[in-house]
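Enquirer: Need a 3D model of the following:
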Amino acid sequence: MDEKERLIISHLRKDARLSLGAVSQALNVPLSTVYDKLTRLQKEGVIRKQALLLDFAKLGYHHHIHLALKVSREQKPALQQFLQNHHSVNSLHEINGGFDFLAEVISKDIKEYTDFRDGLKESFNLKELHEYQIIEELEKEKFC
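Expert: Predicted structure coming up:
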């Protein structure tokens, strides 16, 4: 990625709603250059999708937690499918360090979360489950 591409991406990561014209003007780069570079980055899969960053608390979801999960090799595919399909799971990562998955779970309250966790424990023979409550989100999607 060249410096112009990095600057274009940086501007759009701060505000994805910026028009290409506004990015062009801010960087003093021709509009066609901004368009061409973004089109190429999308075709190459560097830009996978454009998404909104939400303030979950303002939407009524006040419980935010990350879970590190470990299951038997046999249950791993089923757990992955369960987590990928559950509405409370905002993001899911396959990880190392003695665990299989890191899941970010968003719930309205602790009761909704404990129902989710209890269902998880009933459905899967979890070898390990570590819970990390998110107290405050300090930075998100800042890279570039």
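Enquirer: what about V105, which SS state?
Expert: Under DSSP: H, G, I helix; E, B strand; the rest coil, the three-state class of V105 is strand.
Enquirer: Also L129?
Expert: strand.
Enquirer: In contact with it, which residues?
Expert: The neighbours of L129, taking C-beta atoms under 8 Å, 6 or more residues apart in numbering as the test, are L67, A68, L69, K70, R117, L120, K121. Where you see a C-beta, it was placed from the backbone N, CA and C, and this is true even at glycine.
Enquirer: which of the residues you listed are buried?
Expert: Buried by 16 or more other C-beta atoms under 10 Å: L67, A68, L69, K70, R117, L120, out of these.
Enquirer: In helices, which of the contacts of L129 fall?
Expert: R117, L120, K121 (DSSP state H).
Enquirer: Save the buried ones among the contacts of L129 as JSON lines, and put in distance to V29 and pLDDT too.
Expert: Converted to JSON lines, those look like this (distance: C-beta to C-beta, whole Å; pLDDT from 0 to 100):
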{"residue": "L67", "distance to V29": "43", "pLDDT": "98"}
{"residue": "A68", "distance to V29": "43", "pLDDT": "98"}
{"residue": "L69", "distance to V29": "45", "pLDDT": "98"}
{"residue": "K70", "distance to V29": "48", "pLDDT": "98"}
{"residue": "R117", "distance to V29": "49", "pLDDT": "97"}
{"residue": "L120", "distance to V29": "49", "pLDDT": "96"}
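Enquirer: Quick check: the farthest pair among those?
Expert: The distance between the two most remote of these (C-beta to C-beta) is 14.7 Å, for K70 and R117.
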